[in-house]
Every structure is written in C-alpha cells, then in structure tokens.
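Asks: Here you go, sequence then predicted model.
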Amino acid sequence: MQFSMRIISKNFIENEIKNVGFSADYLEIGLNKHKFLSLKVENLRAVEANILKQTALSCSCDCAVHRNCIDCKVEHSDCILSGTISQLINVSKKLRIQPFSMSRLSDDILKQIICSKNFAKSKIMGILNLTSDSFSDGGEFLEFNAAFRHAELMIEQGAGIIDIGSESTRPKSLPVEEDIQAERILPVVEFLKKNHPDILLSVDTRSSKVANLVLEAGVDIINDVSGLKYDKNMAKIAADFGCKIVIMHSRSNPCDMDDYCNYKNLLDEVYNELQKCCNSALNAGVKPENIIIDPGFGFAKNYEQNIEMLSRIEEFKSMGYELLAGVSRKRFLQRLAGVDTPKDADDISAISGAYLALKGVNYLRVHNVEKTLCALKFARAINV
C-alpha cells in the first residue's frame with residue numbers, strides 16, 4: 001500500500017496524536033515535542049549570549065545572536081531562541097547551573113512556555129460613550145435615557161462588560177473636567193448596578209478622583225488609556241480597591257499623540273514601555289491578576305504600525321497578564337476597508353474581533369456587539 005502525507009494544522013496536533021494510538025500516559029510529553037516556540041531575549045551580555053547559544057545547540061535548538069558575539073567585539077546582543085517546547089524545557093534545565101544571569105533566564109523560559117499555552121475565551125466589552133465629541137458616536141448617548149437604552153441593548157446582544165467613558169480620547173481631543181466626567185458616569189453606573197447586577201462595569205478615565213468615585217459606586221474595572229502616567233495616584237487607587245485595571249500603551253496625550261509615532265522597533269518599544277507601566281502598578285500594590293494590558297491601537301501609532309501590531313498581537317501575552325484589544329472603528333481599519341465613516345467599519349471590526357479571539361485576546365472592546373458576537377461564534381467554532 002502506498003503511503004500518503006499531509007501537513008497537520010497546529011490546533012489539531014493533540015487530536016491527531018491521539019488518533020495514531022499514542023500512549024495517553026505520555027500525551028503531554030509527546031505534545032511538547034510537536035509544538036514550536038520562538039523567544040526573543042533582549043540585551044544579554046556577549047558572554048551570556050554565547051552561553052545561551054551553546055546551550056541551545058546542545059539541546060537541538062537554535063539561537064540567533066549578533067555575529068560579533070563569538071569574539072566579544074560587541075558588549076551586548078539580543079537573541080532569538082527557537083525550538084520545540086520539549087527542547088526549550090531542556091535548555092531551561094541546563095541554564096540553571098550556568099553562571100551570570102542564566103538562572104533567571106531559565107525561569108523566564110519556563111514562564112514563556114506557560115504563557116504560550118494560556119488561552120481563554122474572549123469577553124465582549126461594549127463601549128458606551130457619554131461624550132459630545134467621540135470619534136465614533138459623539139453625542140448619541142449623552143442624554144441619560146439614550147445611554148440607558150444603548151447599554152441595555154448591548155447587554156441583550158451579548159456584552160458581558162460595559163465600558164463607560166465621558167472623555168473623548170480621539171486625536172486632537174481635550175481633557176474633560178473631573179466633575180463633569182463623574183456627573184455623566186455615576187447615574188449610568190447606578191442604573192446598571194440596579195438593573196443588571198451580573199454585568200461587569202468598566203469606566204474609561206485617566207483621573208484617580210473619578211476612579212475613586214466610580215469604584216465606590218461599585219465599578220469593577222478602571223480603563224486608563226494613559227497607562228497610569230496621566231495621574232500618578234491612579235495605581236494606588238486601583239490597589240486600594242483591589243479592582244482590575246486596564247493599562248494601555250500610549251505616548252503623550254490625545255491632543256498631540258499623532259506626533260509621537262516614531263519607533264525604531266515598534267514591538268520592542270511598545271512592549272517595554274508597557275512593561276514599565278505594569279511594573280509601576282505592581283510597585284503600588286496592584287496584584288498581577290488584576291492587570292489587563294492594552295497595546296493601544298491608534299494611540300501614537302500610524303496605519304502601518306497598527307497593522308503590524310495587529311498581526312503580532314499574541315506576542316503581548318508574553319507579559320503574563322490578561323490582554324485587551326480595542327480596534328473597533330479605528331481609522332486604520334476604515335482605511336483598510338476603504339470606508340469613509342467609523343460605523344461603516346463595523347464589518348471589518350467584527351472580522352478583526354474573530355482574528356483577535358483566535359489569537360487568545362481576553363477582552364474585545366467594541367461598538368457593535370451584535371456583529372462581534374457573530375464573529376466570535378465563528379472563531380470559537382473553528383478553534384480547538
């Protein structure tokens with residue numbers, strides 16, 4: 001009988017290994033030999049990079065380093081370590097007995113292996129803008145009854161979280177006074193807590209004063225688009241209340257953020273800047289499990305940068321925190337779809353939502369809940 005051969009989709013490796021009759025007792029060990037992972041290690045000393053490369057080669061992995069590491073003509077090098085999960089575990093074990101910072105690197109490799117396996121179903125966060133100048137629906141829900149109706153509609157359509165904001169962060173927008181923010185938000189929070197107690201509530205604000213007021217009213221999540229940089233008291237407020245906090249990457253303020261799109265290496269810089277913000281939160285007492293990171297689509301990123309970040313979104317899961325993405329109706333999606341208005345980008349926003357769900361993003365911040373839920377049903381059906 002003539003044999004045949006085909007490529008197996010990576011999401012179906014486990015089922016296919018079971019189907020060939022592989023021993024169930026060794027399934028996890030077997031799976032680790034069939035799953036491949038590439039890790040970037042930044043700023044190792046040349047001697048450390050050489051140790052990592054030789055250790056990797058001894059475990060049948062590979063490690064790309066600067067060409068002048070071998071003769072130490074460079075002081076530092078970034079490294080790309082690649083191999084199967086099983087091979088990388090062996091690298092981690094061998095590094096533990098090596099000098100310099102290799103023991104800590106050993107722990108970090110194991111952490112990244114865990115992060116690569118973490119996958120959660122995406123939750124829909126419906127956007128409720130109580131603003132007069134939002135880029136998408138400014139003024140539509142500024143009146144309370146309209147806000148209540150729209151929130152309830154999003155809940156009926158499948159939103160598990162309502163994200164309430166009263167300060168536009170579109171390009172060129174200006175800050176809104178704290179008292180005005182609170183005056184707009186608190187009646188909506190009170191209404192939703194009373195009529196929909198099972199729904200999680202998030203408030204989009206950069207102000208610790210507003211955060212304190214809404215958390216006292218029962219809000220579950222604070223969504224800070226400044227990454228805790230606008231108001232230095234925000235991290236302490238989040239720590240004191242023990243709430244979840246969205247820490248988003250941004251540069252400068254919405255009024256001039258389009259002037260700060262200069263990156264030498266987009267992913268490296270966004271990742272490292274976001275990590276610093278998270279470290280500030282941890283130092284203030286915020287628990288790691290309460291941190292949600294957001295790479296900040298549209299905030300100090302141009303069209304090409306947003307597309308690159310979207311294509312590499314899963315890299316942010318390496319931080320070990322829950323991940324949120326807000327691409328809904330953004331300018332780069334409008335341009336990609338060739339449409340002129342934000343609402344015309346609902347279809348491509350929903351498609352993007354399915355893609356993000358397949359990449360393991362935990363929260364999708366969206367305007368059109370109905371279309372997003374339909375896209376998520378598709379993503380969940382084909383994802384294993």
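Replies: Received the coordinates, thanks. Note that the structure is predicted; figures quoted are calculated from it, not measured. Numbers count the residues shown, from 1 in each chain.
Asks: Centroid-nearest residue for this structure?
Replies: For the chain, the residue nearest the mean C-alpha position is Leu323 (3.0 Å; Cα atoms, centre = their mean).
Asks: So it versus Ile313, what's the distance?
Replies: In this view, Leu323 and Ile313 are 8 Å apart by Cβ to Cβ, to the nearest Å. No exception for glycine: its C-beta is placed from N, CA and C like everyone else's.
Asks: Quick check: neighbours shared by those two?
Replies: Shared contacts of Leu323 and Ile313 (Cβ atoms under 8 Å, 6 or more residues apart in numbering): Val361.
Asks: low pLDDT regions in the stretch 1-150 of the chain?
Replies: 1, 133-140, 142 (pLDDT under 70).
Asks: Show me the helices in it, by range?
Replies: Applying DSSP state H, counting those that start in this stretch to the stretch 1-150 of the chain gives helices spanning 13-19, 27-32, 46-58, 85-95, 102-117, 144-157.
Asks: repeat for the stretch 201-350 of the chain
Replies: 208-216, 234-241, 266-283, 303-311, 331-337, 346-358.
Asks: out of those helices, which comes closest to Glu75?
Replies: Glu75 lies closest to helix 266-283 among the helices of the stretch 201-350 of the chain, at 18.2 Å (Cβ to Cβ).
Asks: rewinding a little: between the helices of the stretch 1-150 of the chain, which one is closest to Asn306.
Replies: Within the helices of the stretch 1-150 of the chain, the stretch nearest Asn306 is helix 102-117; the backing value is 23.3 Å (Cβ to Cβ).
Asks: and the helices of the stretch 201-350 of the chain as TSV, adding mean neighbour count, mean pLDDT and distance to Phe297?
Replies: Below are those laid out as TSV (neighbours: other Cβ atoms under 10 Å; pLDDT from 0 to 100; distance: least, Cβ to Cβ, whole Å):
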stretch	mean neighbour count	mean pLDDT	distance to Phe297
helix 208-216	21	98	23
helix 234-241	21	98	21
helix 266-283	17	97	10
helix 303-311	17	97	5
helix 331-337	18	97	7
helix 346-358	22	97	9
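Asks: any chance you could read off phi and psi for the residue nearest to Ser208 when sequence neighbours are not counted?
Replies: In space, not counting the residues next to it along the chain, Ser208 is nearest to Asn233; the distance is 3.9 Å by Cβ to Cβ, 6 or more residues apart in numbering. Torsion angles at Asn233 (phi, psi; degrees, to the nearest 10) stand at phi -90, psi -10.
Asks: so Asn233 sits right up against Ser207, yeah?
Replies: No - with contacts counted by Cβ atoms under 8 Å, Asn233 stays clear of Ser207, the gap being 9.1 Å.
Asks: Comparing the two, which residue is more hemmed in?
Replies: A direct count of neighbours by other Cβ atoms under 10 Å for Asn233 and Ser207 places Ser207 higher, at 25 against 15.
Asks: Hmm, Leu228 and the more buried one touching each other?
Replies: No - contact criterion Cβ under 8 Å: Ser207 and Leu228 do not qualify, at 11.8 Å.
Asks: what residues are shared contacts of these two?
Replies: Common neighbours of Ser207 and Leu228 (Cβ under 8 Å, 6+ apart) are Met234.
Asks: The helices of the stretch 1-150 of the chain into a markdown table, with extra columns for distance to Val219 and mean neighbour count?
Replies: What follows is the helices of the stretch 1-150 of the chain, written out as a markdown table (distance: least, Cβ to Cβ, whole Å; neighbours: other Cβ atoms under 10 Å):
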| stretch | distance to Val219 | mean neighbour count |
| --- | --- | --- |
| helix 13-19 | 40 | 14 |
| helix 27-32 | 40 | 14 |
| helix 46-58 | 45 | 19 |
| helix 85-95 | 40 | 20 |
| helix 102-117 | 28 | 16 |
| helix 144-157 | 13 | 16 |
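Asks: Kindly reformat the ones you listed as a markdown table containing distance to Lys377.
Replies: Supplementary listing: the helices of the stretch 1-150 of the chain in a markdown table, determined by distance: least, Cβ to Cβ, whole Å:
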| stretch | distance to Lys377 |
| --- | --- |
| helix 13-19 | 21 |
| helix 27-32 | 27 |
| helix 46-58 | 42 |
| helix 85-95 | 30 |
| helix 102-117 | 24 |
| helix 144-157 | 12 |
